[in-house]
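In: 3D, please:
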Amino acid sequence: MASPEVKFALKLASDAGRGVAVLLAGVGDRLGLFSALDTGPASPEELAKRAAIDPRYAREWLHAMAAAGYVEREADRYALPPPQAEVLAREGSVVFMGGTLQMLLGMIAPLDRLRDAFRTGKGIPFEAYPPDAWEGMERDMAGLYETQLVSEWLPRVPAVKGLLEGGALAADIGCGRGRAIFALARAFPKARFVGYDVHTPNVEFAQRKAAEAGLADRVRFEARDASAGLPPMDLAMTFDVVHDAAHPLELASAIRAALPPSGRWLAFDVRTEEEADANSGPLTLVRWGFSLLYCMSVSLAQGGEGLGTFGLTESRMRKLCTDAGFSAVRTELLSFHVLYEASP
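Out: Got it, this is the predicted structure:
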């Protein structure tokens, strides 16, 4: 019988293997290998030809993905089963995780900065992250925005939906590359939208996409630190932003000051337990990881509170809204997130 030490060593070795599998899946996503396999089973040589990569690397990668259970071997060829294809190859699927893999590759890039941050407490600045981090974030949430934002989330907040249907000026604060705004702009042609983000490359990318989509007449983007103040708006929206914010109260106060009495703040954020260690479930460990790799660290780099991924509990959000001058907060629980609707 194995000793507890041996059992733990084997657990750690297994965890390390799974971590390597995820990183190699991320490489496969970036090279289009899963998409190439989604067209049909392939031998290593056939996959190499389809994806324009070296056959020896194709073979080793396929061995690793088969060992991980991400692909299946069929005689001398490898196949991507339909469930795995939805997650790994089919961009826009609600369960597609290629963006998560890309985001992870981008967020582990500044590991040296993370090690230094452990010693200094100063965090990691936005500019330390490579393009994979930002593009991965956009792709990570795209499926949810495209398939659930309009059809499932907004019906649960009728006042917000009514503002959009009536032609409101809606601001997405911390908009990233604008994916949520584009989904909303297509669904609500009377509404006008502005996206604010502190990371200028995101704003420039989103502005180009708005022009390409023919939406520039009612969709615009601006580089702005929302915590320092916001112009008037009818509807404020934050998607996975408040727990990242350097100064959440200043952000909430700026939003409140910008809204009329009939306005609303819709905040989509991580569903979290009041006690940090009570969080459990399939996303818990990866969320703790992203908290250290990005969420907490970028906040601390700005001299902020560093709430982290699990830092915005319902009680903290309610207190935040009260302190900022909101009169009421309503919650709608989603599978892994929560919608907060705050009224002035």
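In: what about residue 195, which SS state?
Out: With DSSP: H, G, I helix; E, B strand; the rest coil as the basis, residue 195 sits in strand.
In: next, the contact list for it, please.
Out: Shown in contact with residue 195 (Cβ atoms under 8 Å, 6 or more residues apart in numbering): 171, 172, 175, 178, 181, 203, 206, 219, 220, 221, 222. The way it works is simple: take the backbone N, C-alpha and C, and place the C-beta from them, glycine included.
In: list only buried entries from these.
Out: Neighbour counting by 16 or more other Cβ atoms under 10 Å classes 171, 172, 175, 178, 181, 203, 206, 219, 220, 221 among the contacts of residue 195 as buried.
In: and for residue 313, the neighbour number?
Out: 18 (other Cβ atoms under 10 Å).
In: I figured it hits residue 272, correct?
Out: Yes: between residue 313 and residue 272 there is a contact under Cβ atoms under 8 Å: 5.5 Å.
In: for this protein, which residue occupies the most central location?
Out: residue 137 (4.5 Å; Cα atoms, centre = their mean).
In: so that one: helix, strand or coil?
Out: Assignment for residue 137 (three-state DSSP): helix.
In: what distance do you get for it to residue 123?
Out: 18 Å (Cβ to Cβ, to the nearest Å).
In: circling back to that earlier point, so what's the residue nearest to the centre of the chain up against?
Out: 99, 103, 176, 177.
In: so what's it scoring on pLDDT?
Out: pLDDT for residue 137: 95.
In: try residue 1
Out: Taking residue 1 on its own, its pLDDT is 82.
In: now for the nearest residue to residue 71 once chain neighbours are set aside, how many residues are close by?
Out: Closest residue to residue 71 apart from its sequence neighbours, by Cβ to Cβ, 6 or more residues apart in numbering: residue 65 at 4.4 Å. Residues lying near residue 65 (other Cβ under 10 Å) number 24.
In: doesn't residue 77 make contact with residue 43?
Out: Yes: proximity of residue 43 to residue 77 meets the contact threshold set by Cβ under 8 Å, at 5.1 Å.
In: ok, now how distant is the residue nearest to the centre of the chain from residue 127?
Out: Taking Cβ to Cβ, one finds residue 137 at 15 Å from residue 127.
In: now swap in residue 322 and tell me
Out: From residue 322 to residue 127 the distance is 35 Å (Cβ to Cβ).
In: higher neighbour count, the two?
Out: residue 322 (14 against 11).
In: doesn't the more buried one lie inside a helix?
Out: Yes: checked against three-state DSSP, residue 322 lies within a helix.
In: which residue is the nearest non-sequential neighbour of it?
Out: residue 329 (7.9 Å).
In: remind me which helix or strand that neighbour belongs to.
Out: Secondary structure assignment for residue 329, by DSSP states H and E: strand 328-333.
In: and that strand, which strands flank it?
Out: Partner strands and pairing direction for strand 328-333 (DSSP bridges) are strand 337-343 (antiparallel).
In: what does the partner strand contact?
Out: Outside strand 337-343, the residues touching it (Cβ under 8 Å, 6+ apart) are 153, 156-157, 159-160, 240, 264-271, 314, 317, 321, 326-332.
In: go again with 7 Å.
Out: 153, 156-157, 159-160, 264-271, 317, 321, 326-332 (Cβ atoms under 7 Å, 6 or more residues apart in numbering).
In: got a quick PyMOL command for the buried subset of these?
Out: Selection of buried members from those for PyMOL, criterion 16+ other Cβ under 10 Å:
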select buried, resi 153+157+160+264+265+266+267+268+269+270+271+317+321+326+329
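In: what segments of the stretch 51-200 of the chain are helices?
Out: Under the criterion DSSP state H, counting those that start in this stretch, helices of the stretch 51-200 of the chain are mapped to 55-68, 82-88, 98-107, 111-120, 131-144, 158-165, 179-187, 200-212.
In: how much does the following helix or strand past the last one deviate in direction from helix 179-187?
Out: Helices and strands here follow DSSP H and E; after helix 200-212, the next one along the chain is strand 219-223. Taking axes from the mean of the first three to the mean of the last three Cα atoms, to 10 degrees, strand 219-223 and helix 179-187 form an angle of 160 degrees between their directions.
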